[in-house]
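J.: my questions are about this predicted structure, shown below with the sequence.
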Amino acid sequence: MPRDAKIFIAGHRGMVGSAITRKFEREGYTRLLKRTHRELDLRNQQAVKEFFDLERPEYVVLASARVGGIMANKTHPAEFLVENLEIQNNVIMQAFRTGVKKFCFLGSSCIYPCKAPQPIKEEYLLTGPLEPTNEGYALAKIAGYKLCLYLSKEYGFPTVSLMPCNLYGTNDNYDPENSHVFPAFIRRFTEAAAKQLPEVTLWGTGAPLREFLHVDDVADAVYYFLQNRNEPEVINIGYGSDLSIRELAEKIAAAAGFTGRLRWDSSRPDGMYRKLMDSTRARSLGWSPKISLDEGIARTVREYLAGDGRRNG
């Protein structure tokens, strides 16, 4: 991609979108198109059409989505399904209509069946039922990927679709009602350490296994595959190993300086037991993560304590 290419990063203020924006800026790209939700509501079909007609971006990265943790997904599945379908359909179809040179669709590991063999390979998609607690969001992401795939197969629309594992890092959402497990732990343990609390109660049993990848590694993957991938089939983007939620809590508690007791409320949902991505395909194509989990945790705790790199905190 030439350095003066017009690149639209949809969702540039979110965790993933802002990381992608920083990556492109570091690489010397000077014509990044950015619109806030107030400036451009991606759910509005006419507004998105007018934006593409006016700006004519050459490359598009769709990093905008309605996201949330277990409780938000479980409570509002209709909203997660409808809003994400609206965003995806509008941006994908206008990019197709205006002849975008390359389109990057970002999904999530939740697109895979809840009982898929581990680690999860790309070919396991649609081979079984989804995890009920985030089914609405997962269905939307599957539809978005399939739309990109169909447009590519039928009309030659150049797309690349990446499915990251659980993400964390700079500019994460730390809202106590809507955050994912990683930022929730960062907030809980830094606050508990500051208050010298004797105990912190956490949801579930702590037994489920999860894989976590720093958002800067995802941005690196987007940058790499936009330039080195021309096939539309999905690619898993993962760290390569997982750990239990209990182990994650212990690591973050230690990094935050919390020395109290951890108590697990087993009456609360655990979600899918294990979700480890098989990222063999991505590695065979030349990409691999660079930030270790321990380094990422330490960096994220420092950013949170400094008041940087967070939203809704």
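T.: Thanks, I have it. Bear in mind the structure is a predicted one, so any value in this text is a computation, not a measurement.
J.: show me the strands in the stretch 1-150 of the chain, by range?
T.: Ranges of strands in the stretch 1-150 of the chain, per DSSP state E, counting those that start in this stretch, are 7-10, 32-33, 59-62, 102-106.
J.: same question, the stretch 151-300 of the chain
T.: 159-164, 166-168, 172-173, 199-203, 209-210, 212-214, 235-237, 243-244, 261-265, 274-275.
J.: mean neighbour count, those strands: which tops it?
T.: strand 159-164 (a mean of 26; mean count of other Cβ atoms under 10 Å). No exception for glycine: its C-beta is placed from N, CA and C like everyone else's.
J.: between strand 102-106 and that strand, find me the angle.
T.: Here the directions of strand 159-164 and strand 102-106 differ by 20 degrees (axes from the mean of the first three to the mean of the last three Cα atoms, to 10 degrees).
J.: contacting residues around strand 159-164?
T.: By Cβ atoms under 8 Å, 6 or more residues apart in numbering, the residues outside strand 159-164 that reach it are 16, 102-109, 111, 122, 145, 148-149, 151-152, 213, 218, 221-222, 225-226, 229-238, 277.
J.: which of these are buried?
T.: Buried by 16 or more other Cβ atoms under 10 Å: 16, 102-109, 111, 122, 145, 148-149, 151-152, 213, 218, 221-222, 225-226, 229, 232-238, 277, out of the contacts of strand 159-164.
J.: ok, back up a step: of the contacts of strand 159-164, which belong to helices?
T.: 16, 145, 148, 149, 151, 152, 218, 221, 222, 225, 226 (DSSP state H).
J.: quick check: the residue sitting furthest away from the middle of the chain vs residue 67, distance?
T.: In the chain, residue 198 marks the outermost C-alpha relative to the chain mean, sitting 33.3 Å out by Cα atoms, centre = their mean. Taking Cβ to Cβ, to the nearest Å as the measure, residue 198 falls 33 Å from residue 67.
J.: number of nearby residues for the residue nearest to residue 104 when sequence neighbours are not counted?
T.: With sequence-adjacent residues excluded and distances taken as Cβ to Cβ, 6 or more residues apart in numbering, residue 104 is closest to residue 61, at 4.5 Å. Residue 61 has 30 neighbours, counted by other Cβ atoms under 10 Å.
J.: kindly state the beta-bridge partners for residue 61.
T.: Applying DSSP bridges to residue 61 gives these bridge partners: residue 9, residue 104.
J.: that one contacts residue 5, correct?
T.: No: taking Cβ atoms under 8 Å as the definition, residue 61 is not a contact partner of residue 5, at 12.0 Å.
J.: returning to what we had before: nearest to residue 26, out of the strands of the stretch 151-300 of the chain?
T.: strand 212-214 (15.3 Å; Cβ to Cβ).
J.: dihedrals phi and psi, residue 157?
T.: Residue 157 has phi and psi values of phi -70, psi 120 when expressed as degrees, to the nearest 10.
J.: pLDDT score for it?
T.: On the pLDDT scale, residue 157 is placed at 98.
J.: residue 74 is nearest to which of the strands of the stretch 1-150 of the chain?
T.: Of all these, it is strand 102-106 that lies closest to residue 74, at 22.5 Å by Cβ to Cβ.
J.: give me the mean pLDDT for that closest one.
T.: 98.
J.: then it to CSV, C-alphas only?
T.: Taking Å, rounded to 0.1, in the frame of the first residue of the first chain, the C-alpha atoms of strand 102-106 are listed here in CSV:
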residue,chain,number,x,y,z
LYS,A,102,-8.7,-4.1,-0.3
PHE,A,103,-11.1,-4.6,2.6
CYS,A,104,-10.2,-6.0,6.0
PHE,A,105,-12.9,-7.6,8.1
LEU,A,106,-12.3,-8.2,11.8
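J.: next one: that strand to chain centre, how far?
T.: Distance of strand 102-106 from the chain centroid (Cα atoms, centre = their mean, to the nearest Å) equals 13 Å.
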